[in-house]
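Enquirer: just a sequence and a predicted model for now, questions to come.
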Amino acid sequence: MAKVIAVNAGSSSLKFQLFEMDDETVITSGVVERIGLEDSVFTIKYNGEKDSRTLSIPTHSEAVDMLLNTLLEKNIVSSLDEIKGVGHRVVQGGTYFSESAIIDDDVVAKIDELKSLAPLHNPANLTGYYAFKKAIPNAGAVAVFDTAFHQTLEPRCYVYPIPYKYYTDYGIRKYGAHGTSHKYVSQRVIDLLGNPEHSKIIVAHLGAGGSLTAVKDGKSINTSMGFTPLAGIMMGTRSGDIDASVIDYLIKEVGLDGNEVINMLNKESGLLGVSGVSSDFRDVCAAADEGNERAKLAIDIFFRRVIAYIGRYFIALGGCDAIAFTAGIGENSAFARKEIINLISEALGIVIDDDANENGKGERLITKPESKIKVFVVPTNEELMIARDTKRLLNL
């Protein structure tokens with residue numbers, strides 16, 4: 001029985017899920033948060049119970065040691081040798097990786113080389129890899145790249161209309177993100193459609209970070225995030241698409257420097273920047289319900305940024321069989337789904353099933369039979385995709 005652990009290492013966090021791959025069941029899951037601080041939080045879920053502790057966890061290596069020791073202490077595994085594979089989420093794979101890869105020295109070097117394209121993520125992803133390699137050296141390791149699914153984009157979709165040398169010499173192009181989620185969700189929708197030979201699907205991954213992808217016959221043909229995850233729709237703290245001259249104006253006229261502007265666009269904009277309330281969609285909705293006009297405006301802008309990409313991808317696909325909502329907002333906000341669908345229903349002939357949208361649970365269809373486009377809610381499962389690729393590549 002092969003056990004595989006899927007790992008998502010952030011700059012100060014470590015999320016994990018341990019799978020029994022024979023039947024793809026989740027044995028245990030959890031997260032270590034605030035790594036490097038005195039009040040780090042370690043949370044693990046097992047057998048329907050949740051155990052959470054606050055203590056000092058200075059490094060990722062110590063977080064991994066705590067996790068593995070806990071697996072032994074709770075008898076979740078009798079030996080660490082039971083864990084045959086470790087699958088690592090890696091945000092940026094550049095043009096090197098169109099699929100997941102077994103980690104070796106060459107893969108490590110390329111992930112490190114690409115760190116300038118994902119400075120908050122790739123170094124942290126490697127930190128997680130080193131920590132697990134030290135703790136369980138006999139387990140195979142696989143890198144699963146956020147960008148890999150989007151390597152099927154054609155040059156007309158990923159090359160920016162700036163001097164071509166910046167693409168050839170510096171690799172400046174659209175890479176996209178959330179690829180593991182978009183791949184999982186689009187594959188599930190194809191299954192739900194009855195596995196047709198041809199399919200046209202729009203996946204709306206809406207959360208604190210958000211992106212939309214046009215998927216034709218199972219392949220990504222365009223996606224809203226770009227060179228970095230800053231591009232595309234409005235997000236929790238990210239601006240999404242913006243006139244580049246705004247950056248120049250903020251530097252020359254307002255007096256910000258380049259780093260301050262990019263930090264503002266990444267961490268102080270989006271729902272937070274417009275509403276002034278929060279980056280959390282739920283908090284912004286609550287404020288809007290209480291009459292906060294800026295919160296209402298933030299929600300309106302968010303919805304319209306989303307439908308702009310749905311319209312764009314409907315045209316690019318030459319029609320659409322299904323739209324799928326996923327991630328935090330997409331899966332959990334019936335209000336967001338309804339309002340977004342209402343904005344496109346007349347143009348696209350979508351007829352929502354209010355009861356399925358508001359009262360249904362989990363993976364489901366939320367449109368009526370007469371709807372010209374089916375709309376699904378599909379909870380994403382990036383960890384399962386990571387575990388599957390790890391099992392496949394390691395032949396477990």
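Expert: Structure's in. What do you need?
Enquirer: what about the longest helix in this structure?
Expert: In terms of residue count, the longest helix belonging to the chain (DSSP state H) is helix 293-317.
Enquirer: after it comes which helix or strand?
Expert: strand 322-326 (DSSP states H and E).
Enquirer: coming back round to it: okay, the angle between the longest helix of the chain and strand 322-326?
Expert: 140 degrees (axes from the mean of the first three to the mean of the last three C-alpha atoms, to 10 degrees).
Enquirer: pull out the buried positions in helix 293-317.
Expert: 295-296, 298-299, 301-303, 305-307, 309-310, 313-314, 316-317 (16 or more other C-beta atoms under 10 Å). For glycine as for every other residue, the C-beta is placed from the backbone atoms N, C-alpha and C.
Enquirer: again with stretch 81-100
Expert: 82-94, 96-97, 100.
Enquirer: next up, the contacts around Val284.
Expert: Leu271, Ser275, Val277, Ser278, Ala295, Ala298, Ile299 (C-beta atoms under 8 Å, 6 or more residues apart in numbering).
Enquirer: got it, and Ala356?
Expert: Arg364, Leu365, Ile366, Thr367.
Enquirer: and the helices in the stretch 51-200 of the chain?
Expert: 60-73, 105-113, 122-135, 155-158, 165-170, 179-192 (DSSP state H, counting those that start in this stretch).
Enquirer: can you put the ones you listed in JSON lines and add mean neighbour count and mean pLDDT?
Expert: JSON lines is the format used below for those (neighbours: other C-beta atoms under 10 Å; pLDDT from 0 to 100):
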{"stretch": "helix 60-73", "mean neighbour count": "18", "mean pLDDT": "88"}
{"stretch": "helix 105-113", "mean neighbour count": "15", "mean pLDDT": "94"}
{"stretch": "helix 122-135", "mean neighbour count": "20", "mean pLDDT": "87"}
{"stretch": "helix 155-158", "mean neighbour count": "13", "mean pLDDT": "97"}
{"stretch": "helix 165-170", "mean neighbour count": "11", "mean pLDDT": "94"}
{"stretch": "helix 179-192", "mean neighbour count": "22", "mean pLDDT": "95"}
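Enquirer: same for the longest helix of the chain, what does it pack against?
Expert: Contact analysis of helix 293-317 by 3 or more C-beta pairs under 8 Å, 6 or more residues apart in numbering; DSSP states H and E lists strand 200-206, strand 210-216, strand 219-223, helix 270-275, helix 281-289, helix 334-348 as its packing neighbours.
Enquirer: do you know the pLDDT at Pro58?
Expert: Among the per-residue scores, Pro58 holds a pLDDT of 86.
Enquirer: now Ser11
Expert: Here, the pLDDT recorded for Ser11 equals 67.
Enquirer: repeat that for the one 5 residues further on.
Expert: Turning to Phe16, the model gives it a pLDDT of 92.
Enquirer: again, but for Asp51
Expert: Confidence score, pLDDT, at Asp51: 89.
Enquirer: show the contacting residues for it.
Expert: Thr43, Ile44, Lys45.
Enquirer: could you rerun that using 7 Å?
Expert: Counting by C-beta atoms under 7 Å, 6 or more residues apart in numbering, Asp51 makes contact with Ile44.
Enquirer: so how far is Glu62 from it?
Expert: For Asp51, the distance to Glu62 (C-beta to C-beta, to the nearest Å) stands at 18 Å.
Enquirer: do the same with Asp104
Expert: Counting by C-beta to C-beta, the gap from Asp104 to Glu62 is 26 Å.
Enquirer: and for Asp191?
Expert: For Asp191, the distance to Glu62 - C-beta to C-beta - is 41 Å.
Enquirer: ditto for Gly30
Expert: The value you get for Gly30 to Glu62, if C-beta to C-beta is used, is 15 Å.
Enquirer: so which of the helices of the stretch 51-200 of the chain is nearest Ser224?
Expert: The closest of the helices of the stretch 51-200 of the chain to Ser224 is helix 179-192. By C-beta to C-beta, the value is 10.4 Å.
Enquirer: now do that closest one against strand 219-223, angle only.
Expert: Using the same axes, to 10 degrees: helix 179-192 against strand 219-223 is 130 degrees.
Enquirer: quick revisit: out of the helices and strands packed on helix 293-317, which is closest to Pro161?
Expert: Pro161 lies closest, by C-beta to C-beta, to one member of those: strand 219-223, at 15.1 Å.
Enquirer: extract the CA atoms of the host helix or strand of Thr390 and return them as CSV.
Expert: In the assignment (DSSP H and E), Thr390 maps to helix 382-394. Extracted C-alpha coordinates of helix 382-394, given in CSV (Å, rounded to 0.1, in the frame of the first residue of the first chain):
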residue,chain,number,x,y,z
GLU,A,382,-4.8,20.3,-6.1
GLU,A,383,-3.3,18.0,-3.5
LEU,A,384,-4.9,14.9,-5.1
MET,A,385,-3.5,15.9,-8.5
ILE,A,386,0.0,16.3,-6.9
ALA,A,387,-0.4,12.8,-5.3
ARG,A,388,-1.5,11.2,-8.5
ASP,A,389,1.4,12.6,-10.5
THR,A,390,3.8,11.5,-7.7
LYS,A,391,2.4,8.0,-7.8
ARG,A,392,2.5,7.9,-11.6
LEU,A,393,6.0,9.2,-12.1
LEU,A,394,7.5,7.1,-9.2
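Enquirer: how about that helix: buried residues?
Expert: Glu382, Glu383, Leu384, Met385, Ile386, Ala387, Arg388, Asp389, Thr390, Lys391, Leu393, Leu394.
Enquirer: and it, what's its mean pLDDT?
Expert: On average, helix 382-394 scores 93.
Enquirer: circling back: just name the closest of the buried residues of helix 293-317 to Met225, please.
Expert: Closest to Met225 out of the buried residues of helix 293-317 is Tyr309 (10.6 Å), distances taken as C-beta to C-beta.
Enquirer: thinking again about what came up before, minimum pLDDT in the contacts of Val284, which residue is that?
Expert: Ser278 (89).
Enquirer: report the secondary structure state of that residue.
Expert: Of the three states, Ser278 takes coil under DSSP: H, G, I helix; E, B strand; the rest coil.
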